[in-house]
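1. Sequence and predicted structure are below.
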Amino acid sequence: MEKVDLEFSLQPVPQTHRNGFWKILAVMLGFTFFSASMWSGGALGNGLTFSTFIGIVLAGNLILGIYTGALAYIAAKTGLSTHLLTKYAFGTKGSYLSSGLLGFTQVGWFGVGVAMFAVPVQKVTGMNVYVLIAIAGILMTVTAIYGIKALAILGIVAVPSIAVLGSYSVFEATSTAGGLQGLMDYKPTEMMGLATALTVCIGSFISGGTLTPDFVRFAKTTRSAVVSTVIAFFLGNSLMFLFGAVGAIVYGQADISDVMFMQGLIIPAIIVLGLNIWTTNENALYASSLGFANITKLPKNIIVVFNGIVGTIMAMWLYNNFVGFLTVLGSVLPSIGAILLADFFILHRGSYKKFEEMRFKSVNWIAILAWAGGVLIAEFVPGIPPINCLIGTAVLYIIGMKCFPDKQHN
């Protein structure tokens, strides 16, 4: 039980267990340095001119930075995870909906990551891909048991490594393309619409971003929480997109491992790719365990092991169906974050009653209906689905709570 208590799965993180800026930044950069973002970057690189690509990535990650930075502020101020924060808006049992959705998707991200490591290693070594998946899944699950401290250590090792190797790969690719001017002269055979491009950029990580409180609740101050989060999503995610886009433009390969293989960098690439995916998978498994702990009240470590097994078994299916999986995430999860932000900043004016003193209602149906409405808005209203979802959900929730003020306080 000690390890469960030290991760504060079911209570606020006390100031005595908070971490400084650099540890939080290492954790968050490790989270955003995700190779799957390179796939999205490759799709944008193939469908846009390079100057338009830069503009879309900066705009999209600025929006992500604002969204996640606001969630980080709430987390550092309250010391609560995403799953405990949802009790204020959704109610005790209502929070199970968001915890279940977020937990399930993070198990999915874990599975995708395991396969993204195993597939390129299989290409080089000839080892059975399922054996590699099993080995990677077991190792990543074991280290996830050690919680936030392991996340920080892995981030400190992996972030500089992937930044250096990725930058070298981009430099080599740029030289092959004829320098920066060669990239600027690139004309896609089929142009991607700007709304679609922005959707790809924001949707690539808005689901993960919704789980920001799970990690930055350990920040000592709200300022360090917000700054580290914004840097991670604005800088880290932008770098991942750049790496993927340049590789796709020059080599026609969005997958960074394929690009590095063509550059003759596959062995160091596998080492760093493994570290990179490991950090993201640690975050995913950790966050999913917090979600299911909120529902089951079981010790976090038991859930970590179970989720790791499930994600490992499903790895290849998730890997082969990644685009559809990403689409579902982009449309379903932002509603949860929108409700958290609207409830804290607008309805409660930036201050919650202490978690220990709260008597939460069972289910706040207004929050459930606003969440469902936001998902429908993302699906059917023209424009940029993730942004439509955030704004639409927040408006529905605020109107509903104002019309039924007795529902506002749990």
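-> The structure has been received and is ready for your questions. Numbering: from 1, shown residues only.

2. For the rest of this, base every contact and every neighbour count on C-alpha atoms.
-> Fine.

3. Please give me every residue in contact with the residue nearest to G166 when sequence neighbours are not counted.
-> Of all residues not flanking G166 in the chain, F243 sits nearest, at 6.2 Å (CA to CA, 6 or more residues apart in numbering). Residues in contact with F243, defined by CA atoms under 8 Å, 6 or more residues apart in numbering, are M38, G41, G166, S167, S169, V170, I256.

4. who wins for neighbours among those residues?
-> Within these, G41 tops the neighbour count with 32 neighbours, counted by other CA atoms under 10 Å.

5. Wait, it touches L239, no?
-> No. Between G41 and L239 there is no contact under CA atoms under 8 Å: 9.3 Å.

6. quick revisit: reduced to three states, what does the residue nearest to G166 come out as?
-> Three-state call for F243 (DSSP: H, G, I helix; E, B strand; the rest coil): helix.

7. mind giving me TSV with the contacts of F243 and columns for distance to K297?
-> Converted to TSV, the contacts of F243 look like this (distance: CA to CA, whole Å):
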residue	distance to K297
M38	36
G41	39
G166	41
S167	44
S169	45
V170	46
I256	39
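
8. Out of these, list just those in strands.
-> The members of the contacts of F243 all map outside strands under DSSP state E.

9. Let me have those in a markdown table, extended by distance to V304 and pLDDT.
-> Listed next are the contacts of F243 as a markdown table, based on distance: CA to CA, whole Å; pLDDT from 0 to 100:
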| residue | distance to V304 | pLDDT |
| --- | --- | --- |
| M38 | 27 | 84 |
| G41 | 30 | 92 |
| G166 | 30 | 82 |
| S167 | 33 | 87 |
| S169 | 34 | 84 |
| V170 | 36 | 87 |
| I256 | 29 | 69 |
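
10. how much space between the most centrally placed residue in the chain and W371?
-> For the chain, the residue nearest the mean C-alpha position is G208 (2.1 Å; CA atoms, centre = their mean). From G208 across to W371, the span is 17 Å (CA to CA, to the nearest Å).

11. quick one: contacts for the residue nearest to L194 when sequence neighbours are not counted?
-> Among residues not flanking L194 along the chain, I56 sits closest, at 7.7 Å (CA to CA, 6+ apart). Applying CA under 8 Å, 6+ apart, we find I56 in contact with L194, A197, L198, C201.

12. do the same with I249
-> Counting by CA under 8 Å, 6+ apart, I249 has contacts G42, G45, N46, L183, Y186.

13. Looks like the last one contacts F53 (just checking).
-> The one in question is Y186. No. When contacts are counted by CA under 8 Å, Y186 is not listed as touching F53 (11.1 Å).

14. can you map out the helices along the stretch 251-400 of the chain?
-> Remark: helices assigned in the stretch 251-400 of the chain by DSSP state H, counting those that start in this stretch are 256-262, 266-296, 300-313, 315-320, 322-332, 334-341, 365-380, 385-403.

15. cool, the stretch 1-150 of the chain as well?
-> 2-7, 21-32, 35-47, 50-78, 82-90, 95-125, 129-144, 147-176.

16. and of the ones you listed, who's closest to N321?
-> With CA to CA as the measure, helix 95-125 is the member of the helices of the stretch 1-150 of the chain nearest N321 (9.3 Å).

17. okay, the angle between the helix or strand harbouring L198 and helix 334-341?
-> Taking DSSP states H and E as the criterion, L198 maps to helix 194-203. Using axes from the mean of the first three to the mean of the last three CA atoms, to 10 degrees, one finds that helix 194-203 and helix 334-341 are set 70 degrees apart in direction.

18. Need the contact partners of the next helix or strand after helix 194-203.
-> Next along the chain after helix 194-203, taking DSSP H and E as the criterion, comes helix 206-209. For helix 206-209, contacts defined as CA under 8 Å, 6+ apart pick out L64, Y67, T68, L102, Q106, L329, G330, L333, P334, P386.
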